[in-house]
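In: Predicted model and sequence follow; I will ask about them next.
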Amino acid sequence: MLQGYVHPDFGKVAEALSNQIPRHKPGGAALTVYHRGQCVVDIWGGTRNKDGDPWRSDTLAMSFSTTKGVASTLIHILVDEGLLDYDDPVSKHWPEFGQKSKQDITVRQLLCHEAGLYHIRNMIEDAEQMMDWDYMVGALERARPVHKPSETHGYHALTFGWLVGELVHRVTNKPFSEVLEEKIARPLGLDGMYVGLPEEDFGRRAQLVNSIGNGKGVNIERNVQKALFKTVNQGLKLANINLDQTIAALVPRGAVYLDFNHKDFVSACIPSANGMFTARSLAKLYATLANGGELDGTRIISRAAIHNMLQIQNRSRGHVIPVPMHWRLGYHRVFTFGHNTSTCFGHFGFGGSGAWADPMRGLSVGYTLNSGVGTPFGDSRIMNLSSSIIRCAEKRYLHAHQEEIRGIGPFFPRDRRTHYGTAKRLVNGVLPKRRRSDSPAF
């Protein structure tokens, strides 16, 4: 049984999430959806660790590359405030970065993965060095691009975090985590948005329950990795993709020994990979972006800046990932089954998490979980959820007046034309208000 609430028009979304919660093994998830500024889904279920402790309303989950979308939003806010320009050379703000043929790399090229600095495997000796901010900054300063910036692109799977994060640090003279709190989390009143989890919030976190990345069972894990690489290698060869580039970007030496659940990794600041979020915080941030930069009277960024976010910077298949990602400035395309998502932008993550916005439909989504592996950009679970969410939004009917639905436990009008019954069977909680507005949020 899921907990939380769901608007009756989005009952099928609850059904989709319920089908994804592990039945006979550990694992849980949370999903939040906003439509036209209204929170229409806020549900969770399953377990947050191998001991079987239930997922709670405020559970935080590591969301891997979903963190990149949050970090990119911070850059857009700083550009909007005049502290940066997309076409500034990075070395203008970070002089040490300008060595080894990097003096002309721009902020724009960082955001759309055109800087040629994705080869982390060649920059560091051990994955544990990723937890040392100053070391990683120095490694990037000493690195030489593997191709001329902007002539092609390659997914900066891990290095993106320090490239963008140090830029934030240089123009604000504050740590990345502090700027995130100041510019996004506090103004929006978010209940869980951290890159570098404070010790006082450790009790709220979900632990990853899959075997990969837990620092144990190394022999088993090596076999899993070898099988995974073999499968990936076959697919990449068919697509004429260089596997060496993919491994160089995704798998630093020693990664197989890294424990993603360890407090040192969780508390480090890695803005490309270790964000600890609640689904509702992700969804509310992206709801603000879908609504032109303002939500519930709080504006964090201008409407013009949202327009910049939507602009696709490259459409070709790049290095590292054998799929055209249609990179925006820090965000990629949203993958669904059979829907037009040309106006959607966001970021998915390894393990299945993701968050995205659609200004045209007035939609936003935040999804967190702690089981499964998937790809660097999520897996079919978030694609299924996103497809169901869009279908419900497009079918949503309008009311001539505002109708309030409220109560302890499920309470649904008796209207067989919609999916109230589905939601009633699956969710215990409180339903939000319906709203009258039928106008797009953007």
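Out: Now that the structure is in, tell me what you want to look at. Numbering: from 1, shown residues only.
In: Neighbours of the spatially closest residue to Lys148 that is not a sequence neighbour, how many?
Out: Closest residue in space to Lys148, ignoring its immediate chain neighbours: Gly116 at 7.0 Å, by CB to CB, 6 or more residues apart in numbering. Quick note: C-beta positions are derived from backbone N, CA and C, even for glycine. Gly116: 24 surrounding residues under other CB atoms under 10 Å.
In: do the same with Gly346
Out: 30.
In: ok, now Gly292?
Out: If we define neighbours as other CB under 10 Å, then Gly292 has 20 of them.
In: Gly46 now?
Out: Gly46, neighbours per other CB under 10 Å, totals 26.
In: For the helix or strand where it lies, the averaged confidence score.
Out: Using DSSP states H and E, Gly46 maps to strand 38-46. Per-residue pLDDT over strand 38-46 has a mean of 97.
In: With stretch 294-303 instead?
Out: 98.
In: for stretch 365-375, same thing?
Out: Per-residue scores along stretch 365-375 average to 88.
In: ok, now stretch 94-114?
Out: 98.
In: can you start the count at 36 instead of 1 from here on
Out: Sure, I'll start numbering at 36, so the last one becomes stretch 129-149.
In: ok, back up a step: mind checking what secondary structure the residue nearest to Lys183 has?
Out: Of the three states, Gly151 takes coil under DSSP: H, G, I helix; E, B strand; the rest coil.
In: which residues does it contact?
Out: Applying CB atoms under 8 Å, 6 or more residues apart in numbering, we find Gly151 in contact with 180-184, 187, 189.
In: just those now: which is nearest Lys135?
Out: Each of the contacts of Gly151 was checked against Lys135 using CB to CB; the closest is Pro180, at 7.7 Å.
In: where does the closest one fall, helix, sheet strand or coil?
Out: coil.
In: buried set for stretch 48-55?
Out: 48-53, 55 (16 or more other CB atoms under 10 Å).
In: now those as a markdown table including pLDDT and secondary structure?
Out: Listed next are the buried residues of stretch 48-55 as a markdown table, based on pLDDT from 0 to 100; DSSP: H, G, I helix; E, B strand; the rest coil:
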| residue | pLDDT | secondary structure |
| --- | --- | --- |
| Val48 | 97 | helix |
| Ala49 | 96 | helix |
| Glu50 | 96 | helix |
| Ala51 | 96 | helix |
| Leu52 | 97 | helix |
| Ser53 | 96 | helix |
| Gln55 | 94 | coil |
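In: List just the nearest of those to Asp331.
Out: Using CB to CB, the buried residues of stretch 48-55 come closest to Asp331 at Val48, 22.2 Å.
In: Contacts only, for that closest one.
Out: Contacts of Val48 by CB under 8 Å, 6+ apart are 41, 66, 68, 76, 420, 423-424, 427.
In: could these be laid out in JSON lines, adding distance to Ser302?
Out: What follows is these, written out as JSON lines (distance: CB to CB, whole Å):
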{"residue": "Val41", "distance to Ser302": "34"}
{"residue": "Leu66", "distance to Ser302": "26"}
{"residue": "Val68", "distance to Ser302": "30"}
{"residue": "Val76", "distance to Ser302": "31"}
{"residue": "Leu420", "distance to Ser302": "30"}
{"residue": "Ser423", "distance to Ser302": "35"}
{"residue": "Ile424", "distance to Ser302": "33"}
{"residue": "Cys427", "distance to Ser302": "38"}
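In: From these, which land in helices?
Out: Among the contacts of Val48, DSSP state H puts 420, 423-424, 427 in helices.
In: ok, and the most crowded of those residues?
Out: Ile424 (28 neighbours).
In: what ranges do the helices span in the stretch 36-185 of the chain?
Out: 46-53, 101-115, 125-128, 142-146, 168-177 (DSSP state H, counting those that start in this stretch).
In: Out of those helices, which gets nearest to Gly327?
Out: helix 101-115 (12.5 Å).
In: what about that closest one, distance to the chain center?
Out: 11 Å (CA atoms, centre = their mean, to the nearest Å).
In: which parts of it are buried?
Out: Buried residues in helix 101-115 (16+ other CB under 10 Å): 101-115.
In: which among these gets closest to Gly353?
Out: Of the buried residues of helix 101-115, the one sitting nearest to Gly353 (CB to CB) turns out to be Lys103, at 15.2 Å.
In: Can you list phi and psi of the spatially closest residue to His188 that is not a sequence neighbour for me?
Out: Closest residue in space to His188, ignoring its immediate chain neighbours: Gly353 at 4.0 Å, by CB to CB, 6+ apart. When read as degrees, to the nearest 10, the backbone of Gly353 gives phi -100, psi -170.
In: Helix or strand: which one has Gly381?
Out: strand 380-383.
In: And the contacts of that strand?
Out: Under CB under 8 Å, 6+ apart, the answer for strand 380-383 is 100-104, 107, 321, 344-345, 363, 365-370, 389-392, 400, 412-413, 417.
In: partner strands of the helix or strand following it, parallel or antiparallel?
Out: Once strand 380-383 ends, the next helix or strand along the chain (criterion: DSSP H and E) is strand 389-393. Sheet pairing of strand 389-393 (DSSP bridges) gives strand 380-383 (antiparallel), strand 398-404 (antiparallel).
In: Those: which one's closest to Val244?
Out: strand 398-404 (9.7 Å).
In: Show me what the nearest residue in space to Ser92 that is not next to it in sequence is bridged to.
Out: Distances taken as CB to CB, 6+ apart put Trp79 closest to Ser92, at 6.4 Å, once the chain neighbours are dropped. Beta-bridge partners of Trp79, counted by DSSP bridges, are Gln38, Ala65.
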